[in-house]
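Novice: here's a sequence, model it:
(one chain, ligands or ions: 1)
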Amino acid sequence: MSFSLPRLSYSYNYLEPYIDVYTMEIHYTKHFAIYTENLNKSIENTNLKKFSIEEILKSVIDIPYIRNNAGGYYNHSLFWKILTSPKRSLLSESFIFYIEDSFNTVESFKTEFTDSAMTHFGSGWTWLSICPKTGKLFISSTPNQDNPIMPLVNNVLGIPILCLDVWEHAYYLKYKNKRFQYIKSFWKIVHWAEVFNSFKYHIILY
Ligand code: MN
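Specialist: Got it, this is the predicted structure:
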């Protein structure tokens, strides 16, 4: 079995003006497609082919080539899912309850997430994850294509439900070096219903 390129559930211009059509198309057809292709190549003829993407992420931290491509595949697959048009970016009272349970207020959650994304040096990702020990939500940032599923030194393990790509390829065409403007735009297009579904799914499993 190999990993197929998950289809986008929207067109490249759907997130305009917050994410421009040109960035979206290059990000999906070039960056994401290449991670997927390289992931498949890197696990060809290995027993990893029988593994789920999560199982691969947990087991290949010492093989950088597979780790980077598996991370690139997983991280972007989640990122496309948690974005939507601003009209559909609605945070429900029920999810607010859980966000407040972990961060006191929605504003303090957004501030902490934004600060983590702003202060992350170089390429990487910022995450909202469920702590597997407590069931609470927490924020972290990881370098390159690493993510909270990977059992790495200094990585706080979690089940990711929301993520933000802070690689320059994700925003440079439109925002240049203004990462803060990109993050501000991100908050307009979060698919909260999808994030909450993922939260409920994992909390039930948990
Ligand atoms: Mn990316």
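
Novice: please identify which helix or strand holds the closest residue to residue 22 other than its chain neighbours.
Specialist: Leaving aside its sequence neighbours, residue 22 sits nearest to residue 173 (C-beta to C-beta, 6 or more residues apart in numbering; 5.8 Å). The way it works is simple: take the backbone N, C-alpha and C, and place the C-beta from them, glycine included. Using DSSP states H and E, residue 173 sits within helix 172-175.

Novice: quick check: next helix or strand after that helix?
Specialist: Following the chain from helix 172-175 toward its C-terminal end, the next helix or strand by DSSP H and E is helix 179-186.

Novice: just give me how far that following helix sits from the chain centre.
Specialist: Relative to the mean C-alpha coordinate of its chain, helix 179-186 is positioned 15 Å out (C-alpha atoms, centre = their mean, to the nearest Å).

Novice: contacting residues around it?
Specialist: Contacts with helix 179-186, where a contact means C-beta atoms under 8 Å, 6 or more residues apart in numbering, come from 18-19, 114, 117-118, 164, 166, 170-171, 174-175.

Novice: recalculate using a threshold of 7 Å.
Specialist: For helix 179-186, contacts defined as C-beta atoms under 7 Å, 6 or more residues apart in numbering pick out 18, 114, 117-118, 164, 166, 171, 175.

Novice: now those residues: which count as buried?
Specialist: Among those, those scoring as buried are 18, 114, 117, 164, 166, 171, 175 (criterion: 16 or more other C-beta atoms under 10 Å).

Novice: surely the first one is in contact with residue 189?
Specialist: Yes. In this structure, residue 18 is within contact of residue 189 by C-beta atoms under 7 Å, at 4.9 Å.

Novice: burial count for residue 194?
Specialist: Counted with other C-beta atoms under 10 Å, the neighbours of residue 194 add up to 18.
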